[in-house]
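Asker: turn this into a model:
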Amino acid sequence: MVHFIREIYRIEIIGITPERFLNVVNRRQLPLFNVHCVGNRMFGFIAAADFPSLSDAAQKAGVRLEITDRHGLPFLARHYRKRLGFIGGFGLFCLVLWYLSLFVWFVEPVNVPETYAVSVSDALNDLGIRTGVFISSVDGPLLERELEERLPQFDFIKVSCMGCNAQVYFGATQRGNGTVSEKEPCDLTAAQGGVIVSVVANEGLPLVEQGDVVYPGDTLISGVFSNEGGKNTMVHSSGEVTALVEETFSETVSYRQTATEPTGRAVNIHRIMAFGMEIPLFGSPPKGNYRRTVQETPVTVGTIPLPFLLRSEQWQELCYIEKTFTAEECVAQAEVLIDGKMQKCHYKEIVSSDTTVSECNGGIRVTRTVTLLKEISQERKLLFDPLPPSAKSADEP
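Answerer: Numbers count the residues shown, from 1 in each chain. Below you'll find the model as predicted:
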């Protein structure tokens with residue numbers, strides 16, 4: 001890189017005693033480098049500013065120096081100084097490259113189930129997280145709060161911009177109430193009752209063991225413990241407590257329901273998303289009761305992606321009809337609804353499950369009682385520093 005910034009001469013050493021010249025250069029520590037031979041000819045490289053220092057050494061050694069080539073940015077700048085079109089084009093290229101780097105080229109939702117793909121895409125598009133918007137307009141913390149309100153089915157949402165890529169992480173990685181800083185002391189308490197299966201305490205003092213029965217609010221891992229000197233110490237408890245918990249899920253589905261069915265009429269819309277704008281190609285959103293499916297395709301030139309997105313939408317018209325379902329169909333609908341509720345419980349394993357079906361009020365009621373292996377700990381902040389044993393009153397038992 002240094003050699004590219006500086007102007008460098010490639011010189012030929014002409015004479016019958018080039019070895020004597022190299023000895024003189026070495027004794028005087030002159031900055032001649034990369035000396036090599038091509039056939040019977042000897043060449044070397046030196047910075048243009050240092051070239052005059054070789055003249056005395058060449059005269060003393062009886063050789064002649066001839067510049068055969070020039071390299072470096074200053075030489076190229078002088079070579080192209082009269083070619084204004086080249087200079088202008090290069091400057092325009094750099095300007096365009098800088099301008100394009102200000103935009104989001106890719107939006108990548110991470111860990112999104114297929115059933116939520118459309119709702120996630122709509123939420124990101126409505127909140128301004130899409131291809132072609134300015135990177136400076138992506139306010140991560142604000143967008144995370146707005147996405148959590150729009151998409152309550154996710155416990156954890158993180159917006160991150162790296163270069164021209166915007167990544168939105170979805171998941172259920174938050175544990176406990178999430179209100180205790182890592183620097184603050186806290187206990188781990190039971191979020192719900194159950195039978196303890198295992199206790200892993202990374203920080204803090206475990207107060208329960210395998211087989212114990214706990215109730216909501218019971219302390220599982222304490223952030224307060226006494227050291228050898230009898231002084232109480234408070235830490236930020238961390239660990240994992242799994243338990244067998246019993247939960248009941250119920251859903252009632254009516255025999256007669258207002259359902260929607262496609263009429264067969266569909267409207268196709270295509271648009272280009274670029275630089276924060278929507279450029280319509282053809283079609284416009286219809287009014288009425290429609291179901292929409294979305295497909296987004298990045299625009300590329302060969303294998304090089306461009307900051308454009310081709311968005312194709314198909315709107316299928318729906319009509320409302322009164323429909324009577326059979327008992328089996330009602331049970332299947334209730335099972336799907338119960339499965340959706342169970343997915344939000346973030347359990348590790350289903351140990352046992354029992355389902356009962358009964359008729360009620362012109363419909364079917366499905367009740368599922370399950371025993372789950374689940375992580376039940378949650379953080380509870382310690383609001384005061386308990387007194388050490390030595391500070392208690394002598395009257396206290």
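
Asker: pLDDT below threshold where in the stretch 1-150 of the chain?
Answerer: Low-confidence segments of the stretch 1-150 of the chain (pLDDT under 70): 1-5, 73-82, 86.

Asker: okay, strands next: where are they in it?
Answerer: With DSSP state E, counting those that start in this stretch as the criterion, the stretch 1-150 of the chain has strands at 8-14, 33-38, 41-47, 64-71, 106-110.

Asker: where's the most centrally placed residue in the chain, which helix or strand?
Answerer: For the chain, the residue nearest the mean C-alpha position is residue 167 (4.1 Å; CA atoms, centre = their mean). Under the criterion of DSSP states H and E, residue 167 resides in strand 165-171.

Asker: mean neighbour count, the strands of the stretch 1-150 of the chain: which tops it?
Answerer: Greatest average neighbour count among the strands of the stretch 1-150 of the chain goes to strand 8-14 (a mean of 19), per mean count of other CB atoms under 10 Å. Every C-beta, even on glycine, is put in place using the N, C-alpha and C of the backbone.

Asker: partner strands of that strand and their direction?
Answerer: strand 41-47 (antiparallel), strand 64-71 (antiparallel) (DSSP bridges).

Asker: mind putting those in JSON lines, distance to residue 360 included?
Answerer: Listed next are the strands paired with strand 8-14 as JSON lines, based on distance: least, CB to CB, whole Å:
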{"stretch": "strand 41-47", "distance to residue 360": "93"}
{"stretch": "strand 64-71", "distance to residue 360": "89"}
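
Asker: give the next helix or strand downstream of the host helix or strand of residue 371.
Answerer: Here residue 371 sits within strand 363-375, counting by DSSP H and E. Scanning forward in sequence from strand 363-375 by DSSP H and E, the next helix or strand is strand 377-381.

Asker: just to revisit the earlier point, nearest to residue 311, of the strands of the stretch 1-150 of the chain?
Answerer: strand 106-110 (11.8 Å; CB to CB).

Asker: any residues touching that closest one, and which ones?
Answerer: With CB atoms under 8 Å, 6 or more residues apart in numbering as the test, strand 106-110 has contacts from 117, 120-121, 124, 129-131, 164-170, 298, 305.

Asker: list just the nearest of those residues to residue 244.
Answerer: Nearest to residue 244 among those, counting by CB to CB, is residue 170 at 28.7 Å.

Asker: look up how far residue 88 lies from that closest one.
Answerer: 46 Å (CB to CB, to the nearest Å).

Asker: so which of those two has more stuff around it?
Answerer: residue 170 (20 against 10; other CB atoms under 10 Å).

Asker: so that one touches residue 120, yeah?
Answerer: Yes: if you go by CB atoms under 8 Å, residue 170 and residue 120 touch, sitting 7.1 Å apart.

Asker: from residue 112, how far off is residue 168?
Answerer: Distance, residue 168 to residue 112, using CB to CB: 8 Å.

Asker: pull up the overlap in contacts between the two.
Answerer: residue 120.

Asker: so the two - more neighbours on which side?
Answerer: residue 168 (23 against 18).

Asker: so the more buried one is in contact with residue 124, correct?
Answerer: Yes: in this structure residue 168 lies within contact range of residue 124 using CB under 8 Å: 6.5 Å.

Asker: return every residue with contacts to both of those two.
Answerer: 107, 109, 147.

Asker: ok so, going back, out of the contacts of strand 106-110, which end up buried?
Answerer: 120-121, 124, 129-131, 164, 166, 168-170 (16 or more other CB atoms under 10 Å).

Asker: quick one: what helix or strand has residue 334 in it?
Answerer: Short version, using DSSP H and E: residue 334 is in helix 327-343.

Asker: strand partners of the longest strand seen in the chain, parallel vs antiparallel please.
Answerer: Ranked by number of residues, the top strand in the chain under DSSP state E is strand 304-324. Using DSSP bridges, strand 304-324 pairs in its sheet with strand 256-274 (antiparallel), strand 290-301 (antiparallel).

Asker: what's the angle between that strand and helix 327-343?
Answerer: Orientation of strand 304-324 against helix 327-343 (axes from the mean of the first three to the mean of the last three CA atoms, to 10 degrees) gives an angle of 140 degrees.
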